[in-house]
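>>> Structure for the following, please:
(one chain, ligands or ions: 1)
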Amino acid sequence: MTIKNIVLAGTPQLRHITKPVTSEMFGTNELNNMVETMFATMKANKGVGLAASQIGLEYRVLTFGFDTNHPRYPDQEPVPFTLMINPEILSKSQDMIYLYEGCLSLPEVRGLVPRFEWIEVKAYDEKGYAFQQRYEGFTARIIQHEIDHLDGKLYPERMDNMRTLGITAALREAGVIR
Ligand code: NI
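Have a look, this model is predicted:
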């Protein structure tokens, strides 16, 4: 099991638009290893989601999921561990939800980010089987955050009030987040 270092904001590669996984790659060891490394790295870093570009692999692959009582987001209900390859948002809510969001590539800071309340996503698993599902709330937020990574975007660019950006420990101390 390989655990990779997280690529931090400021590294140019994190801003690249990643490329789709091709049909020849599905079912290969290369892809299976990438997925395994992503889940291992996400868990080791206590992330709730991870994009391939955060470990230096410029493919449209993301993972997410966590068990209960997550240290970074203790208020959130557990989310099943999920892999999405070449994800695509097919439709989305009109309403947005605001929540303090963080990112492993931007350590120790959080900001208030609006995200669509629900999204309908089409994606592929590691064997190349397509699936389509509607996600809402925190799960929908994670997916939107990770798809942004695949397009080279980071969450501060989604914020509409930069005054909410803060140091995680200070926001906790102030009772703004848990
Ligand atoms: Ni992130």
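
>>> Report the secondary structure element holding residue 169.
Per DSSP states H and E: residue 169 is located in helix 168-173.

>>> Spatially central residue in the protein, please.
In the chain, the residue lying closest to the centroid (Cα atoms, centre = their mean) is residue 146, at 3.1 Å.

>>> so what's that one up against?
With contact taken as Cβ atoms under 8 Å, 6 or more residues apart in numbering, residue 146 is in contact with 49, 50, 51, 62, 63, 64, 84, 87. Where you see a C-beta, it was placed from the backbone N, CA and C, and this is true even at glycine.

>>> For the chain, which segments are assigned as helices?
With DSSP state H as the criterion, the chain has helices at 29-44, 137-150, 168-173.

>>> Report the distance from the last one to the chain centre.
With Cα atoms, centre = their mean, to the nearest Å as the basis, helix 168-173 stands 22 Å off its chain's centre.

>>> thinking again about what came up before, pLDDT wise, what is the residue nearest to the centre of the chain at?
For residue 146, the pLDDT comes out at 98.

>>> again, but for residue 78
Reading off the model, residue 78 has pLDDT 94.

>>> burial count for it?
By other Cβ atoms under 10 Å, the residues close to residue 78 number 13.

>>> One more: residue 52?
Residue 52 has 23 neighbours, counted by other Cβ under 10 Å.
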